[in-house]
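A.B. asks: Dropping a prediction and its sequence here:
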Amino acid sequence: DAGVIQSPRHEVTEMGQEVTLRCKPISGHDYLFWYRQTMMRGLELLIYFNNNVPIDDSGMPEDRFSAKMPNASFSTLKIQPSEPRDSAVYFCASSTGNQPQHFGDGTRLSIL
Amino acid sequence: QKEVEQNSGPLSVPEGAIASLNCTYSDRGSQSFFWYRQYSGKSPELIMSIYSNGDKEDGRFTAQLNKASQYVSLLIRDSQPSDSATYLCAVRGTGFQKLVFGTGTRLLVSP
């Protein structure tokens, strides 16, 4: 079975540019989570969706960040405008019911 | 107080020894507990889940849960160099789907 699929794997862009990260959850999973991981702050939950509806976005750092889930098989996380402090690894994870979350391979984002 | 606390390590053990990783949590209503392993540059990988008090064994791994003490641990028997990684403890509360992660314990197994 295919796991959680994220793209791109690596992104390097200049400050001020728009960045779009993409995620395809495991088929049949009704929860989708976006995380950010840095050495300083560890793994932080940014936002999560249930049945394509955002449930908790309290972890989104500021208005420059936005996330959408237009259908059950696709979600995006956008940063506009990007800043160097946004450099991190961004993970997407999915789950269903009370089952554990499964993570994608992540997107390593570098903002110059 | 952090919601989920782990010693950052590194915890160094020789090959073949038992590695003991510990985690405490603050929310008494927490119901589900998970251990993830993360190799450097890779994503977290689920290795154990536990939902009730006591021990749960899977191969060389044993998860232990004590809700009264708000404590969960992971034992790795016959540690191998390939077990060297960061181990993340994650806790899920009642009625919530989101996980709260500890900062992880780095384990080093020397040959």
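C.D. replies: Arrived safely, thanks for sending. Numbering: from 1, shown residues only, chains lettered A, B, ... in the order given.
A.B. asks: now the helices for chain A?
C.D. replies: Applying DSSP state H to chain A gives no helices.
A.B. asks: Contacts only, for the residue nearest in space to the middle of it.
C.D. replies: Centrality entry for chain A: nearest residue to the mean C-alpha point is A:Trp34, 3.4 Å, by C-alpha atoms, centre = their mean. Applying C-beta atoms under 8 Å, 6 or more residues apart in numbering or on different chains to A:Trp34 gives the contacts A:23, A:45-48, A:67, A:75, A:77, A:90-92. Backbone N, C-alpha and C define where each C-beta goes, glycine included.
A.B. asks: let's see 7 Å
C.D. replies: Under the criterion of C-beta atoms under 7 Å, 6 or more residues apart in numbering or on different chains, the contact list for A:Trp34 reads A:46-47, A:67, A:77, A:90, A:92.
A.B. asks: Residues of chain A that sit close to chain B?
C.D. replies: Proximity of chain A to chain B, by C-beta under 7 Å from any C-beta of the partner chain, involves residues A:31, A:42-43, A:45, A:48, A:50, A:56, A:91, A:95, A:98, A:100-106.
A.B. asks: Repeat the analysis, applying 6 Å as the threshold.
C.D. replies: A:31, A:42-43, A:45, A:48, A:91, A:100, A:103, A:105-106 (C-beta under 6 Å from any C-beta of the partner chain).
A.B. asks: Could you list which of the residues you listed belong to strands?
C.D. replies: Helix and strand membership here follows DSSP state E; of these, those in strands are A:31, A:42-43, A:45, A:48, A:91, A:103.
A.B. asks: Can you add pLDDT and give the residues you listed back as JSON lines?
C.D. replies: Conversion of those to JSON lines gives the following (pLDDT from 0 to 100):
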{"residue": "A:Tyr31", "pLDDT": "95"}
{"residue": "A:Gly42", "pLDDT": "89"}
{"residue": "A:Leu43", "pLDDT": "92"}
{"residue": "A:Leu45", "pLDDT": "93"}
{"residue": "A:Tyr48", "pLDDT": "95"}
{"residue": "A:Phe91", "pLDDT": "98"}
{"residue": "A:Phe103", "pLDDT": "97"}
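A.B. asks: All good on my end, thank you.
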